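Asker: Sequence and predicted structure below; questions after.
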Amino acid sequence: MEKIAIENVDNRRSNPYVVVPLVLLLAVLVVLRSLGTLGVTTFDSWATATRLGLAVMFIFTSLSHFAGTRDALIQMVPDALPTPGLLVTLTGLAEIAGAIGLLLPAFASWAGLGLAVLLVVIFPANVVAVREGIEINRKPATPLGFRLLVQLVFIASLLWATGWI
């Protein structure tokens, strides 16, 4: 009986449909909007709370470019591109810069557009991950159709929260 329970825990951990950055974004958004409802005026706007939630999410995702899952991210870089390690570092730095930009109202609009473009540019890495069976933290790559949907949610959220749509 204990072995079954352990296997179930492992199966939940390896569910490719649990996209941690999306869960993080939604959790931060709920917390910020709750604070806004309680009277914290900084968070009383959906757009502002979404922008700040996206900033937290991108800081979180940028960390993987420098630690823990870096090797898997390097493997995801399409073969046609040179210096995968450098590209992973540069995309991590771009995520950090974009997240900081989202926190600064004067730069938020351009940061949102830049991060949206970045998400489009890096999508082929997700294709490679699925095709080559690359795992991140022992979790299979998110199936492409679902990953595309999540990516579109991120892009739409960025563009909406920063005034592009």
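Answerer: That came in fine, so what should we check first? Because the structure is predicted, anything quoted here is derived from the model rather than measured.

Asker: and the most centrally placed residue in the chain, what does it touch?
Answerer: The centroid of the chain falls nearest to residue 21 when counting by C-alpha atoms, centre = their mean (4.4 Å). Residues near residue 21 by C-beta atoms under 8 Å, 6 or more residues apart in numbering: 57, 60, 61, 154. For every residue, glycine as well, the C-beta is placed using N, CA and C.

Asker: quick one: low-confidence ranges for this protein?
Answerer: 1-13 (pLDDT under 70).

Asker: With adjacent residues omitted, what lies nearest to residue 49?
Answerer: In space, and not counting its chain neighbours, residue 49 is closest to residue 32: 4.0 Å by C-beta to C-beta, 6 or more residues apart in numbering.

Asker: ok, how many other residues are close to the one you found?
Answerer: By other C-beta atoms under 10 Å, the residues close to residue 32 number 23.

Asker: contacting residues for it?
Answerer: Applying C-beta under 8 Å, 6+ apart, the residues contacting residue 32 are 43, 49, 52, 53.

Asker: Now it: which helix or strand?
Answerer: Residue 32 is part of helix 20-37, with elements assigned from DSSP states H and E.

Asker: one step back: dump the contacts of residue 32 into a markdown table; add neighbour count and distance to residue 97 as well.
Answerer: Formatted as a markdown table, the contacts of residue 32 follow (neighbours: other C-beta atoms under 10 Å; distance: C-beta to C-beta, whole Å):
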| residue | neighbour count | distance to residue 97 |
| --- | --- | --- |
| 43 | 20 | 23 |
| 49 | 22 | 21 |
| 52 | 21 | 16 |
| 53 | 24 | 18 |
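
Asker: Just to be sure, which of the residues you listed are found in helices?
Answerer: Judged by DSSP state H, the subset of the contacts of residue 32 located in helices is 49, 52, 53.

Asker: Cheers, nothing more for now.
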